[in-house]
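**Q** Sequence and computational prediction follow.
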Amino acid sequence: MADVVIIMGSKADLPHAEKVAEALRQFDISWEMRVASAHKSPAYLLEMLAGYEARGEPRLYITIAGRSNALSGMVDAAVSVPVIACPPYSERFAGADIFSSLRMPSGVAPALVLEPEGAALLAAKILGRREAVRLYQEEQRRRLIADDQSLR
(Lines give C-alpha, C1' and ligand atoms only; values in the text may rest on other atoms or scores of the structure.)
Protein backbone atom coordinates (compact mmCIF):
# COMPACT_ATOMS: atom_id res chain seq x y z
CA MET A 1 0.00 0.00 0.00
CA ALA A 2 1.39 3.38 -1.01
CA ASP A 3 1.33 6.25 1.49
CA VAL A 4 0.38 8.70 -1.26
CA VAL A 5 -1.55 8.34 -4.49
CA ILE A 6 -0.59 10.96 -7.04
CA ILE A 7 -3.48 11.46 -9.45
CA MET A 8 -2.85 13.31 -12.70
CA GLY A 9 -5.62 14.78 -14.80
CA SER A 10 -3.80 13.48 -17.84
CA LYS A 11 -0.47 11.92 -18.69
CA ALA A 12 0.64 15.37 -19.89
CA ASP A 13 1.03 16.14 -16.17
CA LEU A 14 3.63 13.37 -15.75
CA PRO A 15 6.70 15.66 -15.68
CA HIS A 16 5.17 17.61 -12.76
CA ALA A 17 4.14 14.35 -11.04
CA GLU A 18 7.68 13.03 -11.36
CA LYS A 19 8.96 16.13 -9.55
CA VAL A 20 6.50 15.44 -6.73
CA ALA A 21 7.55 11.78 -6.62
CA GLU A 22 11.22 12.72 -6.46
CA ALA A 23 10.51 15.09 -3.59
CA LEU A 24 8.50 12.39 -1.76
CA ARG A 25 11.52 10.06 -1.95
CA GLN A 26 13.59 12.39 0.21
CA PHE A 27 11.00 11.92 2.98
CA ASP A 28 10.88 8.14 2.45
CA ILE A 29 7.22 8.34 1.43
CA SER A 30 5.92 5.61 -0.86
CA TRP A 31 3.67 6.62 -3.72
CA GLU A 32 1.90 5.40 -6.81
CA MET A 33 0.72 7.36 -9.82
CA ARG A 34 -2.64 7.21 -11.49
CA VAL A 35 -4.37 9.09 -14.31
CA ALA A 36 -8.03 10.05 -14.10
CA SER A 37 -9.86 13.18 -15.13
CA ALA A 38 -12.74 14.84 -13.29
CA HIS A 39 -13.93 16.16 -16.65
CA LYS A 40 -13.16 13.36 -19.08
CA SER A 41 -13.50 10.21 -16.95
CA PRO A 42 -15.50 11.09 -13.82
CA ALA A 43 -17.05 7.64 -13.37
CA TYR A 44 -13.62 6.01 -13.63
CA LEU A 45 -12.19 8.47 -11.10
CA LEU A 46 -15.00 7.90 -8.61
CA GLU A 47 -14.75 4.12 -9.00
CA MET A 48 -10.99 4.32 -8.39
CA LEU A 49 -11.49 6.45 -5.29
CA ALA A 50 -14.23 4.18 -3.96
CA GLY A 51 -11.84 1.25 -4.27
CA TYR A 52 -9.16 3.05 -2.28
CA GLU A 53 -11.70 4.12 0.36
CA ALA A 54 -12.98 0.54 0.71
CA ARG A 55 -9.42 -0.69 1.30
CA GLY A 56 -8.62 2.14 3.72
CA GLU A 57 -5.80 3.46 1.58
CA PRO A 58 -3.87 5.62 0.83
CA ARG A 59 -3.08 8.02 3.68
CA LEU A 60 -3.35 11.03 1.38
CA TYR A 61 -3.64 12.13 -2.24
CA ILE A 62 -1.72 14.63 -4.28
CA THR A 63 -3.66 15.83 -7.30
CA ILE A 64 -2.10 17.37 -10.37
CA ALA A 65 -4.26 18.97 -13.01
CA GLY A 66 -3.59 21.97 -15.17
CA ARG A 67 -6.09 24.29 -16.82
CA SER A 68 -9.42 23.82 -15.03
CA ASN A 69 -8.58 21.91 -11.85
CA ALA A 70 -11.82 20.13 -10.98
CA LEU A 71 -9.80 17.05 -10.09
CA SER A 72 -8.63 18.28 -6.68
CA GLY A 73 -12.08 19.27 -5.46
CA MET A 74 -13.72 16.13 -6.79
CA VAL A 75 -11.12 13.89 -5.14
CA ASP A 76 -11.40 15.80 -1.85
CA ALA A 77 -15.19 15.52 -1.88
CA ALA A 78 -15.01 11.76 -2.44
CA VAL A 79 -12.38 10.67 0.10
CA SER A 80 -11.83 10.80 3.86
CA VAL A 81 -8.11 11.58 3.88
CA PRO A 82 -6.22 14.80 3.06
CA VAL A 83 -5.81 15.98 -0.51
CA ILE A 84 -3.00 18.26 -1.63
CA ALA A 85 -3.62 20.05 -4.91
CA CYS A 86 -0.34 20.70 -6.72
CA PRO A 87 -1.33 22.03 -10.14
CA PRO A 88 1.42 22.80 -12.62
CA TYR A 89 1.75 26.54 -12.92
CA SER A 90 1.20 27.89 -16.40
CA GLU A 91 1.72 31.42 -17.64
CA ARG A 92 -1.00 30.92 -20.25
CA PHE A 93 -3.91 33.24 -19.61
CA ALA A 94 -1.63 35.21 -17.27
CA GLY A 95 -1.61 32.31 -14.80
CA ALA A 96 -5.37 32.53 -14.29
CA ASP A 97 -5.68 28.72 -14.32
CA ILE A 98 -4.69 28.79 -10.67
CA PHE A 99 -8.05 30.30 -9.70
CA SER A 100 -9.75 26.97 -10.39
CA SER A 101 -7.65 25.53 -7.55
CA LEU A 102 -8.43 28.34 -5.11
CA ARG A 103 -12.22 28.48 -5.00
CA MET A 104 -13.90 25.31 -3.79
CA PRO A 105 -17.49 24.54 -2.88
CA SER A 106 -18.38 24.48 0.81
CA GLY A 107 -17.32 21.26 2.48
CA VAL A 108 -14.50 20.70 0.02
CA ALA A 109 -11.02 21.66 1.22
CA PRO A 110 -7.96 20.39 -0.60
CA ALA A 111 -4.73 22.11 0.44
CA LEU A 112 -3.05 24.01 -2.37
CA VAL A 113 0.72 23.94 -2.77
CA LEU A 114 2.22 25.02 -6.09
CA GLU A 115 5.75 23.68 -5.74
CA PRO A 116 6.25 19.90 -5.95
CA GLU A 117 8.81 20.00 -3.14
CA GLY A 118 6.38 21.95 -0.98
CA ALA A 119 3.64 19.41 -1.64
CA ALA A 120 6.00 16.63 -0.54
CA LEU A 121 6.93 18.59 2.58
CA LEU A 122 3.28 19.02 3.51
CA ALA A 123 2.71 15.31 2.86
CA ALA A 124 5.61 14.48 5.15
CA LYS A 125 4.16 16.66 7.90
CA ILE A 126 0.69 15.15 7.51
CA LEU A 127 2.18 11.65 7.61
CA GLY A 128 4.16 12.49 10.74
CA ARG A 129 7.64 12.11 9.23
CA ARG A 130 9.02 14.40 11.94
CA GLU A 131 12.66 13.40 11.72
CA ALA A 132 12.75 13.66 7.92
CA VAL A 133 11.02 17.06 8.09
CA ARG A 134 13.46 18.24 10.77
CA LEU A 135 16.44 17.16 8.62
CA TYR A 136 14.95 18.86 5.55
CA GLN A 137 14.39 22.10 7.45
CA GLU A 138 17.91 21.99 8.88
CA GLU A 139 19.33 21.54 5.36
CA GLN A 140 17.30 24.55 4.20
CA ARG A 141 18.70 26.63 7.07
CA ARG A 142 22.29 25.49 6.38
CA ARG A 143 21.95 26.32 2.66
CA LEU A 144 20.57 29.79 3.37
CA ILE A 145 23.27 30.63 5.89
CA ALA A 146 25.96 29.36 3.50
CA ASP A 147 24.49 31.56 0.75
CA ASP A 148 24.59 34.56 3.06
CA GLN A 149 28.14 33.86 4.15
CA SER A 150 29.28 33.41 0.54
CA LEU A 151 28.39 37.05 -0.10
CA ARG A 152 30.51 38.43 2.74
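**A** Received it, and whenever you're ready, just let me know what you need.
**Q** outside of stretch 130-145, which residues touch it?
**A** Here stretch 130-145 makes contact (C-beta atoms under 8 Å, 6 or more residues apart in numbering) with Gln26, Phe27, Asp28, Leu121, Ala124, Lys125. Where C-beta positions appear, they are placed from N, C-alpha and C, glycine not excepted.
**Q** Let me see the ranges of the helices in this structure.
**A** With DSSP state H, the ranges of helices along the chain come out as 14-25, 42-55, 70-78, 99-102, 116-126, 130-150.
**Q** Please work out which of those is packed deepest.
**A** Each of the helices of the chain was scored by mean neighbour count; the highest is helix 70-78, a mean of 23, by mean count of other C-beta atoms under 10 Å.
**Q** on that earlier part again, go through the contacts of stretch 130-145 and name the one nearest Cys86.
**A** Relative to Cys86, the closest of the contacts of stretch 130-145 is Leu121; by C-beta to C-beta it sits at 11.2 Å.
**Q** What values do phi and psi take at Ile29?
**A** When read as degrees, to the nearest 10, the backbone of Ile29 gives phi -110, psi 120.
**Q** Check what pLDDT it gets.
**A** Listed pLDDT for Ile29 reads 98.
**Q** Show me the residue at the heart of the protein, geometrically.
**A** Nearest residue to the geometric centre of the chain (C-alpha atoms, centre = their mean): Ile62, 3.0 Å.
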